[in-house]
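Peer 1: Here you go, sequence then predicted model.
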Amino acid sequence: MNLSGLALALALTRSPVVAAAANHRSLRADTVGLRGIASNGMASYDAALGIPKCNSEGTSCDTGALLNGRGAVHPELNYPNTLDTTNCLDGISGGISDESVDRIVVRSESGGYMTEEESVRITATVNCWADGWEEDYVYFYHASVQEADSSNNWNFIEKIPCPGAGLQTLTTSYTLPKGSEHVVRISIRYVDSNDFTSNSGSCGIGSFDDNDDVAFTVVTATLSPNITQTLGPKAATTPEPSTTSPSSSASTATATPTPNPSSLSTSTSPSLTSSSSLQPTVVSSLSPSMSRKPTSTPSLPPSVSLSPTSAPSNTPSASGTILSPTKSPFVLFTYGESLYRNNDLDIQISVGLTATQIAQSGSSVSYANGGQSSRSYHGMMDGAGIAQLPDGGYAYLSNAEKSSGNGGVYGLYFNKDGEIIDYKALLTGTSRNCGGGMSPWNTWISCEEVGSGQCWQVEPDPNKPNHNSPKPTLLGGPSGGSYETVAVDNTNENKPIFFTTEDKSNGELRRFEADGNGWDALHVGGQTTYLQFLSGNRFHWTSNIEDGKSSAWNHYPNAEGIIYHNSTIYFVAKVTRTLFILDLNDMTYTSERTGSSWVGQGAFNSQPDQIIESDLDKRKYIYFTEDGGNAPGVHVRDREGNYYTMVRGVPGGRYSGDETVGIAFSPDRRKFYFGFQDAGVLMEVTRDDGHAFN
């Protein structure tokens, strides 16, 4: 059915509005200004644009009651209140208890003036249909005022399902691109469609839909090289940024990005160090102005490489050998404390790290011996894992999230020196292979995110008997589901326990206790139970799948990434942006909003997806991918619950609206892998000092 036919069908089939709704609706104008949303800037109607606008710079912009209602159904002032008054109109069906966008507030997340390339919080007050709110969805979009004349120039931010009937307040965050004039669109729509999440689907066309815009002016931040707001006592006198690599070890200019101070924030947060100097000499890292001090002395102090061990000779030494240590010094750095821009890759990455593109969807993979793969690198890459091989090499195992039997798993093979030597298909004929996880016996489990999908076991070692015989496991049960990620508790090696998430609003978290260890343990026997949350932040495992589904619907809808470590499960609920932490010893849980406690530059504004851990006892980090937003990235959480940005797309750049995927570490932890799904780019990240991560 085409979209116009769909709109007509919806108009004809929905239940009539009951008369009692009039009283409910009449209260909304009285309550719209009493919802506790802080603001200092009230919008006024701009006749030239045809929408509300805040003309002055400020900490926020609030439409107040200017958008209350929908079109002529419940008269909205100056409707349709969209920049495109010809093609983006309000729905004409229903009545005063049906869908509408009533208020939009945009405010700075830092508390200061809204500024380009900084994060804002967008709050939408909407009315969800009283008799069918479960089928209402709210869409958030952004554009620059100058470019919003075309539907293709809108950036999709997020889709949030209505959480209940009547007046609801929904929020999301977004990092503004460069520019002084911005516009946000909120669209509430009856009946979901994946087409609406594309940038070209920025306007709801259904007869019950409402679309409203608000424009606002922000500060344009020009960062000069001698800026001193964020500099410590030493860093304020450092020389201008080097035009060479921010690396403390030898590397070629083509492999290492050039710092670009103009892309860095002007925030005055005490946690930030110098934005004007990205020199890797540890001066700013050890500066007293830092908010976090190193816990120990670097393994090779900078003075070692700068001072001769004896009195200078009258004869120059050969090739500066006294100044060059044989091993790269350890350089202390913190994720996200300063980000620099790599223009070639269109990313911002933490100072102290270097990224290199190693594969591109649709192109052959280049091998270390100069050859190329006969097969093009797969598209729609998603979850990934690393399998160490007996010869010292390893395989990067990557899912392909393609539909209609075009998905699968592919292996990128590395030798013991971390060089690419092979690329091949390991599983084909499946659909929407999304997440997965490694088994204790070094196989990859790949899960299909489709109605009757299964989780498949794949053997990456060419010398193992099951290498060419991938097989569906028992993790998904006989009927299957839209599965995501797998984690395993191997404390009892004879009865490992596998935890599997499902990306549905009522997708239960499954616990499968195997009857043995090894390949066959996932195909024979075992027992499955389901996560159920109880009162008082307690939980248990129930054998009733319906109890599990109900718990997911009420507490953890659309679960995605999951990891197990030291009697603790960590998993994320994507649409609510929540990290759940389950203590398996006392059977209690806690939760937090991802990115809620932020440190440094960058932002984690969109939905969390895959997660991996890095030995949380000895070190501290959980790594997250991000789905959506105008600067999707890889973010890090430490043991204290603080979040940082490791790397992200340039705000509003090539990867705007994309999804970071495929995070994994090489076995020696000296290389980190991640990609952008839609762009089809796979990158390898290393520390500039040559040391292992953490």
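Peer 2: Ah, there it is. Please read all numbers here as calculations on a predicted model, not as lab measurements. Numbering: from 1, shown residues only.
Peer 1: Neighbours of S614, how many?
Peer 2: 18 (other C-beta atoms under 10 Å). In short, each C-beta sits where N, CA and C put it, glycine included.
Peer 1: how close does the residue nearest to it when sequence neighbours are not counted get to S535?
Peer 2: Excluding the flanking residues, the one nearest S614 by C-beta to C-beta, 6 or more residues apart in numbering is Y621, at 4.9 Å. With the distance defined as C-beta to C-beta, to the nearest Å, Y621 ends up 33 Å from S535.
Peer 1: hang on, the earlier thing: and the residue nearest to S614, how many neighbours?
Peer 2: Neighbours of Y621 (other C-beta under 10 Å): 18.
Peer 1: Wait, it touches R637, no?
Peer 2: Yes. Applying C-beta atoms under 8 Å, one finds Y621 in contact with R637, separated by 6.8 Å.
Peer 1: Looks like L426 contacts V409 (just checking).
Peer 2: Yes. The pair L426 / V409 is scored as a contact, 4.6 Å apart, by C-beta under 8 Å.
Peer 1: Touching both of those two, which residues are there?
Peer 2: Common neighbours of L426 and V409 (criterion: C-beta atoms under 8 Å, 6 or more residues apart in numbering): L397, W444, V458, P470.
Peer 1: Assess the claim that N517 and I497 are in contact.
Peer 2: No. With contact defined as C-beta under 8 Å, N517 does not count as touching I497 (11.7 Å).
Peer 1: neighbour-wise, which of those two wins?
Peer 2: Higher neighbour count among N517 and I497: I497, with 20 against 16, using other C-beta under 10 Å.
Peer 1: Bridged to that one, which residues?
Peer 2: Going by DSSP bridges, I497 is paired in beta bridges with D489, E513.
Peer 1: can you give me the offset of stretch 559-570 from its chain's centre?
Peer 2: Relative to its chain's centre, stretch 559-570 lies at 17 Å (C-alpha atoms, centre = their mean, to the nearest Å).
Peer 1: Likewise for stretch 53-66?
Peer 2: Here stretch 53-66 is found 29 Å from its chain centre; the criterion is C-alpha atoms, centre = their mean.
Peer 1: likewise stretch 458-469?
Peer 2: Worked out by C-alpha atoms, centre = their mean, stretch 458-469 lies 32 Å from the chain centre.
Peer 1: End to end on that stretch, go ahead and measure it.
Peer 2: Using C-alpha to C-alpha, to the nearest Å, the end-to-end distance of stretch 458-469 comes out at 7 Å.
Peer 1: low-scoring stretches of the stretch 201-350 of the chain, by residue?
Peer 2: By pLDDT under 70, the weakly predicted segments of the stretch 201-350 of the chain are 221-333.
Peer 1: Report the contact partners of G641.
Peer 2: Applying C-beta under 8 Å, 6+ apart, we find G641 in contact with E592, S596, S597.
Peer 1: ranking those residues by neighbours, who comes first?
Peer 2: Greatest neighbour count in the contacts of G641, by other C-beta under 10 Å, goes to E592: 15 neighbours.
Peer 1: element containing that residue, please.
Peer 2: Per DSSP states H and E, E592 falls inside strand 588-593.
Peer 1: Packing partners of that strand?
Peer 2: Contacting strand 588-593 under the criterion 3 or more C-beta pairs under 8 Å, 6 or more residues apart in numbering; DSSP states H and E are the following elements: strand 538-542, strand 578-583.
Peer 1: Great, nothing more from me.
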